[in-house]
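Participant: Build me a model:
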Amino acid sequence: MTRRRIEIAPSILAADFASLGEAVRAVERGGADVLHVDVMDGHFVPNISIGVPVVASLRKATSLPLDVHLMIEQPEQYVDAFAKAGADRILVHQEATVHLDRVLAMIHEHSIEAGAAINPATPVAMLAEILDRVDTVLVMSVNPGFGGQRFIPGALEKIRQLRELRARYNNGFRIEVDGGVGPENVGELALAGADTLVAGTSIFHTPDPAEAVRQIRQLAGESSVQKV
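Facilitator: Numbers count the residues shown, from 1 in each chain. This is a model prediction of the structure:
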C-alpha cells in the first residue's frame with residue numbers, strides 16, 4: 001500500500017473579490033497546495049470571469065502554484081499571455097480547440113505544466129491520443145460556467161477510467177476534479193483516484209476557509225491509501 005499526496009486546490013472563483021488577497025492568505029494558512037483560477041469568456045461557457053491581469057496580480061500575492069483553467073474558445077491564442085502572467089499550469093478543454101496536441105505543446109514550450117479538461121458529456125476516450133503528453137487531466141464534475149453546482153456522480157467512473165489508463169500508459173499525469181467538491185464526497189473522490197481536488201464554495205463560502213481546507217485534506221487523506 002502507498003499513500004498518495006492529495007492536492008487541495010481552492011477555486012478563487014468562489015472568493016470575495018473585494019478582499020481577494022485576504023482570501024488567498026486564508027487558504028494558505030489552511031495548507032492549500034494550489035490556487036485554481038477559472039478563466040471564462042462568455043462563449044465557451046455562459047459566464048465571464050477573470051483574465052490575465054488578475055492572474056498577474058495573484059502571482060505577486062502568493063507563492064502557491066497557479067492552476068489556470070481556460071474555459072475559453074481557441075485557447076491557443078492566450079497561452080502566451082497567461083504563461084507570462086505567471087501560470088504554473090494551464091489547462092485547456094478538449095472541446096474548445098481542434099488542435100489539442102498543438103496547444104499542449106505550446107504550453108510546454110513555456111516550461112510550465114499542460115493539462116487537458118473534459119466536460120461531463122465528453123468521454124475519457126477522447127483524450128486517449130494525448131495522455132502521454134499531459135501533466136494533468138481535469139474531469140469536470142459539473143457543467144462549467146458557474147460555481148455552486150451539484151456534483152455529477154458520473155465523474156467518479158471517469159476518474160477510475162483515467163486511473164486505469166494511467167497505469168496502462170505508464171504516465172504520471174495527475175487526475176484533477178472540479179465541481180461540487182466538498183466534505184461529503186472528497187473521500188470517495190480520493191478513493192476513485194483523484195489527485196487534485198478543486199473546491200470553491202465548500203471552502204470560501206464558510207466562516208473559516210483555512211479550517212475548510214484542513215477538513216477537506218483530512219477527509220481526503222483518510223481515503224488516499226491505494227494499492228500499487
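Participant: Now do the longest helix seen in the chain: distance to the chain's middle.
Facilitator: In the chain, with assignment by DSSP state H, the single longest helix is helix 155-169. From the chain centre to the centre of helix 155-169 is a distance of 16 Å (CA atoms, centre = their mean, to the nearest Å).
Participant: Buried residues, that helix. List them.
Facilitator: Of the residues in helix 155-169, those buried by neighbour count under the rule 16 or more other CB atoms under 10 Å are 155-156, 158-163, 165-166. Heads up, the C-betas are built off the backbone N, CA and C, glycines and all.
Participant: List just the nearest of the residues you listed to Gly187.
Facilitator: Distance to Gly187 across those (CB to CB) is lowest for Leu156, with 11.6 Å.
Participant: returning to what we had before: make JSON lines from the buried residues of helix 155-169 and add distance to Ala87 and pLDDT to it.
Facilitator: Supplementary listing: these in JSON lines, determined by distance: CB to CB, whole Å; pLDDT from 0 to 100:
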{"residue": "Ala155", "distance to Ala87": "24", "pLDDT": "96"}
{"residue": "Leu156", "distance to Ala87": "28", "pLDDT": "97"}
{"residue": "Lys158", "distance to Ala87": "25", "pLDDT": "98"}
{"residue": "Ile159", "distance to Ala87": "24", "pLDDT": "97"}
{"residue": "Arg160", "distance to Ala87": "29", "pLDDT": "97"}
{"residue": "Gln161", "distance to Ala87": "27", "pLDDT": "97"}
{"residue": "Leu162", "distance to Ala87": "23", "pLDDT": "97"}
{"residue": "Arg163", "distance to Ala87": "26", "pLDDT": "95"}
{"residue": "Leu165", "distance to Ala87": "26", "pLDDT": "93"}
{"residue": "Arg166", "distance to Ala87": "23", "pLDDT": "91"}
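Participant: tell me which of those is nearest to Leu64?
Facilitator: Distances from Leu64 to the buried residues of helix 155-169, taken by CB to CB, are shortest for Ile159, at 23.7 Å.
Participant: ok, that closest one touching Leu191?
Facilitator: No: applying CB atoms under 8 Å, one finds Ile159 not in contact with Leu191, separated by 9.4 Å.
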